[in-house]
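Student: Sharing a model prediction with you, sequence too.
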Amino acid sequence: MDSQLPAEPAKAAPLPPGSAALSVAARRRQMSGRVWAAQICLILAFIVGMHVLNTTSGNLIMPSPQAVARQSVIMWTDGTMLLGLGQSLLILGLGFGLAALTGVLGGIILGGFPVIGRILDPFVNAMNATPGAAFIPLIIVWFGLYTEAKVVVVWNAAVFPILIATASGIAHANGELIEMAQSFGARRRQLFWQVMVPDSLPTILSGLRIGAAVSIVGTVIAELTMAQSGLGGLMIAAGNRFQMDRYFAVVIVMMALGILVTAGLRRIERRFGRWRQSMTGAR
């Protein structure tokens with residue numbers, strides 16, 4: 001009897017080109033859908049909690065979602081919310097822009113020149129650890145109660161997170177890239193601007209994102225403690241009159257503003273993060 005050879009195991013069919021990338025994209029879309037679904041569930045749970053608390057405790061403790069929505073429509077329709085948002089965006093834009101410029105430039109100097117960084121590091125940490133509210137009386141004396149003073153408050157709140165993140169990114173730039181550039185004869189200036197600064201961009205953008213979130217808080221503090229204007233002024237006016245539906249309508253706009261600003265900066269940060277990962281993989 002002829003002995004039969006064992007059958008060879010069937011080989012898996014090779015994946016068509018691009019199928020791995022498609023599967024990764026599909027998993028990302030699935031995960032994104034789950035995240036969106038979870039976030040929507042949290043929003044619905046918050047609305048239900050507002051309704052329950054309003055029913056059990058009354059409007060003074062928690063306004064109903066219907067009252068907040070109605071007041072939001074009124075404030076947007078008569079221009080009150082739009083005017084307040086414009087005033088807050090002016091203060092936020094000027095203060096954060098000034099903080100980003102000075103923070104990034106100062107961080108580049110502190111991180112790129114170790115001696116200067118070691119000299120100024122204790123003073124920077126001391127200023128960063130001091131509550132921003134401690135400087136408000138001094139800022140009022142120097143700059144008054146209006147736009148200039150509010151911009152300084154926002155700048156003071158945001159500049160140190162940006163400066164510290166930038167200095168850390170520059171100081172811890174990729175040593176392999178620096179050595180490679182030096183081996184090709186790169187000068188100090190070329191190393192600084194073409195290697196160290198680009199490599200630290202994700203860290204700088206992370207500091208900018210943190211600074212943007214702090215800037216929003218600083219804007220509200222400035223509008224509450226100085227000449228009342230913007231969203232902070234609307235919020236304190238509604239709180240003083242116990243108009244909680246109006247108060248929550250303003251708070252929702254502030255939360256939406258924070259989400260939009262941080263989400264935009266996070267998207268930019270992820271793009272530069274992917275660039276750095278691709279450069280690492282290429283090496």
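Tutor: Thanks, I have it.
Student: going forward, measure contacts and count neighbours with C-alpha atoms only.
Tutor: Fine.
Student: which residues does residue 224 contact?
Tutor: Residues counted as contacts of residue 224 (CA atoms under 8 Å, 6 or more residues apart in numbering) are 232, 233, 236.
Student: how near is it to residue 97?
Tutor: Counting by CA to CA, to the nearest Å, the gap from residue 224 to residue 97 is 21 Å.
Student: try residue 240
Tutor: Distance from residue 240 to residue 97, by CA to CA: 32 Å.
Student: Domain parsing of this structure, as residue ranges.
Tutor: Per automatic domain parsing, the structural domains of the chain span 22-57, 64-282.
Student: where in the chain is pLDDT low?
Tutor: Scanning the chain for pLDDT under 70 picks out 1-22, 24-25, 173-195, 272-283.
Student: swap the cut-off to 80 and go again
Tutor: Within the chain, the stretches with pLDDT under 80 are 1-33, 57-61, 112, 132-133, 171-200, 227-228, 265-266, 268-283.
Student: Deepest in the core, which of the domains of the chain is it.
Tutor: domain 64-282 (a mean of 18; mean count of other CA atoms under 10 Å).
Student: from the chain's centre, how far out does it sit?
Tutor: 7 Å (CA atoms, centre = their mean, to the nearest Å).
Student: all strands of the stretch 1-150 of the chain, in order?
Tutor: Read by DSSP state E, counting those that start in this stretch, the stretch 1-150 of the chain holds no strands at all.
Student: Show me where the protein has its helices.
Tutor: Listed in chain order, the helices of the chain (DSSP state H) span 19-57, 65-77, 80-112, 114-129, 136-143, 147-171, 175-183, 188-191, 197-199, 201-225, 230-240, 244-282.
Student: Just the CA trace of stretch 241-258, in CSV.
Tutor: C-alpha atoms of stretch 241-258 as CSV (Å, rounded to 0.1, in the frame of the first residue of the first chain):
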residue,chain,number,x,y,z
ARG,A,241,-29.0,88.7,40.6
PHE,A,242,-29.4,85.0,41.2
GLN,A,243,-30.4,84.5,37.5
MET,A,244,-29.0,81.0,37.4
ASP,A,245,-30.4,80.2,33.9
ARG,A,246,-28.5,83.2,32.5
TYR,A,247,-25.5,82.2,34.6
PHE,A,248,-25.3,78.7,33.2
ALA,A,249,-25.9,80.0,29.6
VAL,A,250,-22.7,82.0,29.9
VAL,A,251,-20.8,79.1,31.6
ILE,A,252,-21.7,76.8,28.7
VAL,A,253,-20.2,79.4,26.2
MET,A,254,-17.0,79.5,28.2
MET,A,255,-16.8,75.7,28.3
ALA,A,256,-17.4,75.6,24.5
LEU,A,257,-14.7,78.2,24.0
GLY,A,258,-12.2,76.2,26.0
